[in-house]
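A.B. asks: Provide a 3D model corresponding to the input given below.
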Amino acid sequence: MLFADVRGSTELGERMGASAFAAMLNRFYETATHALLDHNAIIDKMVGDEVMALFILGPTGPDYRSAAVLSAVDLIRAMGYGAGEPWLPIGIGVHAGLAYVGRIGTSEINDFTALGDTVNTAARLQAEAQPGEVIISEELYADVASRFPDLERRSLEVKGKAEPIAVRVLHAAEA
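C.D. replies: Numbering: from 1, shown residues only. A predicted model of the protein is given here:
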């Protein structure tokens, strides 16, 4: 699971005006789409200023866990982090585990989505990410540690979770 969110979007929207803000979000969505689809993600949602993507064994392939982290790195780079001034502040959270993936809703209105603790945890990690950070759950980090050794360790206490979550933080400069 990957969640990417624009930081400070309420202020940006107020300052920019509706049309310019919509154009900026469309550029963000376009950039995110390319970074995610390059790693065979399933883009679940683009809501407001956030993108939610799934990486599952079938469509993504056997390295779906690594693909989630690598797509986050590509997205951070595409936003301009690590190469000067980013054109938009984003924070990303990435986590892996079991989830319900399928249709939910009524017979008249339904949607394809993912639900469960894995999804909620990924969303909470994203909420903790500062601009230019990718927060990776510790168990997912094990799959990419050789590519990104010695990332900063944190223990996060997040809303709704009984225990702190061990994470690693990839800063833009490390991408």
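A.B. asks: Tell me where the chain is predicted with low confidence.
C.D. replies: Scanning the chain for pLDDT under 70 picks out the ranges 59-61.
A.B. asks: longest helix of this protein?
C.D. replies: helix 18-37 (DSSP state H).
A.B. asks: For that helix, enumerate the helices and strands it packs against.
C.D. replies: Contacts defined by 3 or more Cβ pairs under 8 Å, 6 or more residues apart in numbering; DSSP states H and E place helix 18-37 against strand 2-6, helix 9-16, strand 42-47, strand 50-54, helix 64-78. For glycine as for every other residue, the C-beta is placed from the backbone atoms N, C-alpha and C.
A.B. asks: Now tabulate those in CSV and tack on distance to residue 31 and mean neighbour count.
C.D. replies: Output for these, formatted as CSV (distance: least, Cβ to Cβ, whole Å; neighbours: other Cβ atoms under 10 Å):
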stretch, distance to residue 31, mean neighbour count
strand 2-6, 10, 25
helix 9-16, 15, 14
strand 42-47, 12, 15
strand 50-54, 10, 24
helix 64-78, 5, 23
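A.B. asks: Nearest to residue 161, out of the ones you listed?
C.D. replies: Nearest of these to residue 161, taken as Cβ to Cβ: strand 2-6 at 15.4 Å.
A.B. asks: so what secondary structure elements neighbour that closest one?
C.D. replies: When contacts are defined as 3+ Cβ pairs under 8 Å, 6+ apart, strand 2-6 sits against helix 18-37, strand 50-54, helix 64-78, strand 90-94, helix 117-128.
A.B. asks: Near residue 121, how many other residues are there?
C.D. replies: When neighbours are defined as other Cβ atoms under 10 Å, residue 121 has 23 of them.
A.B. asks: so what's residue 132 up against?
C.D. replies: By Cβ atoms under 8 Å, 6 or more residues apart in numbering, the residues touching residue 132 are 76, 81, 86, 89-91, 171-172.
A.B. asks: Return the member of these nearest to residue 112.
C.D. replies: Nearest to residue 112 among the contacts of residue 132, counting by Cβ to Cβ, is residue 90 at 24.0 Å.
A.B. asks: picking up where we left off before, show me which positions of the longest helix of the chain end up buried.
C.D. replies: Across helix 18-37, burial judged by 16 or more other Cβ atoms under 10 Å covers 21, 24-25, 28, 31-33, 35-36.
A.B. asks: and that helix, how far out from the chain's middle?
C.D. replies: 14 Å (Cα atoms, centre = their mean, to the nearest Å).
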